[in-house]
Each structure stands twice: as C-alpha cells, then as structure tokens.
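A.B. asks: starting from these lines, generate the structure:
(one chain, ligands or ions: 2)
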Amino acid sequence: MTLPDDRREAVPDPIGSELRKEAYIGLGSNLGDRETYLQDAIRELGLHPLVDVVRVSDIYETEPVGYADQGRFLNMVAVVSTTLPPASLHHHMKEIEDGLGRIRTIRNGPRTVDLDLLLMDDNVLDTSELIIPHPRMWERAFVLVPMRDAAKGKPHLLATIAGHLDRLEGKEGVTRWSNFNWRSVSERSGS
Ligand SMILES: Nc1ncnc2c1ncn2[C@@H]1O[C@H](COP(=O)(O)OP(=O)(O)OP(=O)(O)O)[C@@H](O)[C@H]1O
Ligand SMILES: Nc1nc2c(c(=O)[nH]1)N=C(CO)CN2
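C.D. replies: Ligands and ions are numbered 1, 2, ... in the order given. Reported below is the predicted structural model:
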C-alpha cells in the first residue's frame, strides 16, 4: 500500500529508528596481547543483535595515566548504533570485559580490556552504576585523540574535542600505533 505524501511521516518506523542512538565507547588494554583484546572486544560488541559497530578510530599507544607503574596502553574509540537503553549497553560492555578476563584489582591499574561508555547522543545520566557523559573523558588525551578519528563528519563534536585537547597536557604520551584491522576481526567471527 502506498500512502499519500502528507501521511508518510505518521507511519511508525518498524525498526525503531526513533530509539536508535550513537554511542561512543573508549577501549583500553595494557596486559597480554593488547591489540587482540581490542579486536575481540569490538567483534563482541557487534555480536549483540541490537548493536552495530559503525565507526572505529585508529589504535594509539599511550602512557599510563593515574597509576604510572604499569605497562603502556593501547587505546581506541568505537562508535556503535543501538536501540538499547544506556544501562543495557553498559551491561553488554561489562560482560565483554569479564569474558575477556578482566580482573578488577587497583583503580586505574592494569587490565586486559576496559570499556568506558563515553557519550550516547545527548543523553545525560547520573546513577550509581553509570554516568554519561563519562566524568573523566574530557581530561584524558588517551580518549580524546582516538575520539577525534571516530567523530569524523561531526563538526560540533570535533570542535568540542579540539577545545579540550588544546588545554590538555600529556598529548605527547599518545602516539599512533596502527590502523584498526577490521579484516582480522571479521575473519575471526567467520563472516
Ligand atoms: N560512563 C561509564 N562507563 C563505564 N563505567 C562507568 C561509567 N560511569 C560509571 N561507571 C562505573 O565506574 C565503575 C568503575 O569502572 P572501572 O572499573 O572501569 O574503572 P577504571 O577503569 O579503573 O577507572 P575510570 O572509571 O576512571 O576509567 C564501574 O563499576 C561502572 O559502574
Ligand atoms: N593511557 C591510559 N591510562 C589509563 C587508562 C587507559 O585506558 N589508558 N585507563 C585508566 C582507567 O580507566 C587509567 N589510566
């Protein structure tokens, strides 16, 4: 059935695009095979039926911040498109961390893989489990430098990132490590 033009907008979107949001997720690893942990985490993010990985940054090697006596991190940022509410997306991320062997010891300490929910469109949330935007993201060059890659084509967000980066110290501790290798991720998932 075709509707007259003036009625088309009233038809509900069958896949719920009005609920679809873009979420920025920061990933970090400084134990074991760091690059493989990042690739596995990205692959597993996209295995959820309601989560699509739509963009990824390059991978950066970064000096540890907060607790210095640990190895260098690899950090990157992924953007997912999802209809999940924030708490459910966060739950999915925690399951990935646990599945990839993350053991919580000291705050800011070494980890196989850490996933932080940075932004979810313009959502603002402050619960005991989840704060969005992530409360420390704007002061972390290891987040903002890769986020700049993932925010390509989003001028407003890019300007905000650039404003924070201008004021930040420690950017020299963030160096490009490699492209993110989509191919090896899809090879491992058999698609
Ligand atoms: N936006 C968010 N993303 C991820 N975790 C969050 C967020 N907001 C609050 N949290 C909470 O922060 C708690 C500590 O997280 P985590 O163990 O990853 O800390 P950390 O990585 O050592 O330090 P940081 O939080 O500074 O990155 C988690 O239990 C989680 O519930
Ligand atoms: N370079 C770097 N430093 C950190 C990181 C991280 O991902 N990269 N994560 C932390 C806690 O989330 C603390 N310090």
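A.B. asks: which parts of the protein sit against ligand 1?
C.D. replies: 104, 107, 108, 114, 116, 117, 129, 130, 131, 132, 134, 136 (CB under 6 Å from any ligand atom). In this view, the C-beta of every residue, glycine as well, is placed from N, C-alpha and C.
A.B. asks: same thing but 5 Å
C.D. replies: 107, 114, 116, 117, 129, 130, 131, 134, 136 (CB under 5 Å from any ligand atom).
A.B. asks: number of residues surrounding the third one?
C.D. replies: For residue 116, the neighbour count with other CB atoms under 10 Å is 18.
A.B. asks: what's the answer for the first one, then?
C.D. replies: Number of residues near residue 107 (other CB under 10 Å) recorded here: 7.
A.B. asks: show me the strands in the protein, by range?
C.D. replies: Along the chain, the stretches classed as strands by DSSP state E are 21-29, 51-56, 59-62, 73-82, 114-120, 125-126, 131-132, 174-178.
A.B. asks: ok, the last one: who's next to it in the sheet?
C.D. replies: Looking at strand 174-178 with DSSP bridges, its partner strands are strand 59-62 (antiparallel).
A.B. asks: show the contacting residues for residue 84.
C.D. replies: Contacts for residue 84 (CB atoms under 8 Å, 6 or more residues apart in numbering) come out as 48, 50, 51, 92.
A.B. asks: residue 185: which of the strands of the chain is closest?
C.D. replies: Among the strands of the chain, the nearest to residue 185 by CB to CB is strand 51-56 (8.9 Å).
A.B. asks: tell me the one of the residues of the chain next to ligand 1 nearest residue 85?
C.D. replies: Looking across the residues of the chain next to ligand 1 and measuring by CB to CB, the closest to residue 85 is residue 130, at 10.3 Å.
A.B. asks: leaving out the residues flanking it, which one is nearest to that closest one?
C.D. replies: Leaving out its chain neighbours, the residue that sits closest to residue 130 by CB to CB, 6 or more residues apart in numbering is residue 90, at 5.1 Å.
A.B. asks: residues contacting the one you found?
C.D. replies: Counting by CB under 8 Å, 6+ apart, residue 90 has contacts 117, 129, 130.
A.B. asks: Produce a PyMOL select command limited to the buried residues of those residues.
C.D. replies: Listed next is the PyMOL selection for buried residues among those, using 16 or more other CB atoms under 10 Å:
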select buried, resi 117
